[in-house]
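Asker: pasting the sequence and the predicted coordinates here, then a few questions.
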There are 2 protein chains.
Amino acid sequence: MYRIGELAQKLSVSTDTLRYYEKHKLLSATSRGDNGYRFYNEEALKIMQFIIRAKGIGFSLNEINDLLSIKVDKARHSCADVKSFTQHKLDQVNNKIAELNRFKGSLELLVDACCGGEEQAIHCSILSALENVDAINK
Amino acid sequence: MYRIGELAQKLSVSTDTLRYYEKHKLLSATSRGDNGYRFYNEEALKIMQFIIRAKGIGFSLNEINDLLSIKVDKARHSCADVKSFTQHKLDQVNNKIAELNRFKGSLELLVDACCGGEEQAIHCSILSALENVDAINK
DNA sequence: ATAAAGCTTAGAGTACACTCTAAGGTCAAC
DNA sequence: GTTGACCTTAGAGTGTACTCTAAGCTTTAT
């Protein structure tokens, strides 16, 4: 079991952040000591790692909450519900990947071509690079 | 030339947002009428489309500002500077794509396998699906 | 035994990116 | 000529996600 400071250090987040997530129902301490101290187990660590990654990808804490509560919880959510919710998130992720790949294309153009021969600065702005990559992809 | 309301509608943003971006040096009106009205040309439209896409990808307005000012501006930035800045952004984008693909894998696992035969809910949480996708990728 | 480091809470403050309000000027249509 | 839709500014308010402060209790080291 980790104390809050240990977990925070392991994850490179602040103890405030961990308390903030508890307050906002993302992750509670696994248990509390007699002194009131929070204690976290390995699963809590994994959940936090997930939260950090999902945040990095661009999900809000609310969305992450939804993602964490994906479970076929017979009482509340049917399998079909879970499936359609997940499919929706999957569509979002696919769109984002496509956008990022387009962006990547224009950045690569910038890195490769921009400073090639003469410094003509022709494709040396993001905008002209983007137009160029769009033209190539057509 | 577009008036602010026309441009806003074309882009599905608010006029407030356009004024906010002007205030924060992302995009000024192309010109002003005698009455003080803002006017925007086609390039402004393209810049706004870029801003909107970059925001969707997860860049902050500050980062977008940096991206927009990538230019081999001989006085201020050397070609090498531009190249290393752009390469850095490219690395960020590649990392994000990798993360999204990992995420995508676990969501697909959830959609495909989770509600397959018996409702055992074994891989029916994001966390177990992620562990599973990591095990597969090893 | 006492100081330093770590934990608790409640609540205030911050940064970002808008979003809204108030007070007023402009312009096209009836 | 006035109504209504549009524009202007300055400044206040909102939601998200922290981040910090204050006051106090606990644990560890000397």
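Answerer: In hand now; what should we look at?

Asker: tally of neighbours for residue A:65?
Answerer: By other C-beta atoms under 10 Å in any protein chain shown, 16 other residues sit near residue A:65. (Glycine included, C-beta is placed from N, CA and C.)

Asker: does the helix or strand hosting it reach DNA strand D?
Answerer: Using DSSP states H and E, residue A:65 maps to helix A:61-68. Yes - interface with DNA strand D: helix A:61-68 contributes A:61-62 (C-beta under 7 Å from any atom of the strand).

Asker: close to chain B, is that helix?
Answerer: Yes - on the criterion C-beta under 8 Å from any C-beta of the partner chain, helix A:61-68 is in touch with chain B at A:67-68.

Asker: in the helix or strand following that helix, which residues are buried?
Answerer: Of the helices and strands lying after helix A:61-68 in sequence (DSSP H and E), the nearest is helix A:79-113. Residues A:82-83, A:85-86, A:89-90, A:92-93, A:96-97, A:99-100, A:102-111 are the ones in helix A:79-113 that count as buried (16 or more other C-beta atoms under 10 Å in any protein chain shown).

Asker: and the residue of chain A nearest DNA strand C?
Answerer: The minimum distance from chain A to DNA strand C, using C-beta to the nearest atom of the strand, falls at residue A:5 (2.5 Å).

Asker: look up how far residue A:39 lies from that residue.
Answerer: Between residue A:5 and residue A:39 the computed distance is 12 Å (C-beta to C-beta, to the nearest Å).

Asker: those two: which has the busier surroundings?
Answerer: Taking other C-beta under 10 Å, residue A:5 and residue A:39 do not tie; residue A:39 has more neighbours (16 against 13).

Asker: check the secondary structure at that one for me.
Answerer: For residue A:39, the assignment made with DSSP: H, G, I helix; E, B strand; the rest coil gives strand.

Asker: identify the residues contacting it.
Answerer: Residues in contact with residue A:39 (C-beta atoms under 8 Å, 6 or more residues apart in numbering or on different chains) are A:1-3, A:29-33.

Asker: residues contacting the nearest residue to it once chain neighbours are set aside?
Answerer: Once flanking residues are discounted, residue A:39 sits nearest to residue A:1: 4.3 Å by C-beta to C-beta, 6 or more residues apart in numbering or on different chains. Applying C-beta under 8 Å, 6+ apart, one finds that residue A:1 lies in contact with A:30-31, A:39-41.

Asker: among these, which one sits closest to residue A:22?
Answerer: Residue A:22 lies nearest to residue A:40 out of those, by C-beta to C-beta, at 10.3 Å.

Asker: what about that closest one, neighbour count?
Answerer: Residues within reach of residue A:40, counting by other C-beta under 10 Å, total 24.

Asker: isn't it right next to residue A:4, touching?
Answerer: Yes - contact status for residue A:40 versus residue A:4: in contact at 7.3 Å, counting by C-beta atoms under 8 Å.

Asker: next, show the common contact partners of the two.
Answerer: residue A:29.

Asker: which one among the contacts of residue A:1 gets closest to chain B?
Answerer: residue A:41 (13.5 Å; C-beta to the nearest C-beta).

Asker: check contacts around the closest one.
Answerer: A:1-2, A:30.

Asker: list phi and psi for it.
Answerer: The phi and psi values for residue A:41, taken as degrees, to the nearest 10, are phi -100, psi -170.

Asker: same check, this time on residue A:31
Answerer: According to degrees, to the nearest 10, residue A:31 has phi -160, psi 170.

Asker: quick one: low-confidence parts of chain A?
Answerer: Where chain A drops to pLDDT under 70, the residues are A:71-78, A:113-124, A:126-138.

Asker: which segments of it make up each domain?
Answerer: A:1-69, A:82-138 (automatic domain parsing).

Asker: need those domains in a markdown table with distance to residue B:69, can you?
Answerer: Shown next, in a markdown table, are the domains of chain A (distance: least, C-beta to C-beta, whole Å):
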| stretch | distance to residue B:69 |
| --- | --- |
| domain A:1-69 | 23 |
| domain A:82-138 | 9 |
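
Asker: of those domains, which is nearest residue B:25?
Answerer: Ranking the domains of chain A by proximity to residue B:25 (C-beta to C-beta) places domain A:82-138 first, at 16.0 Å.
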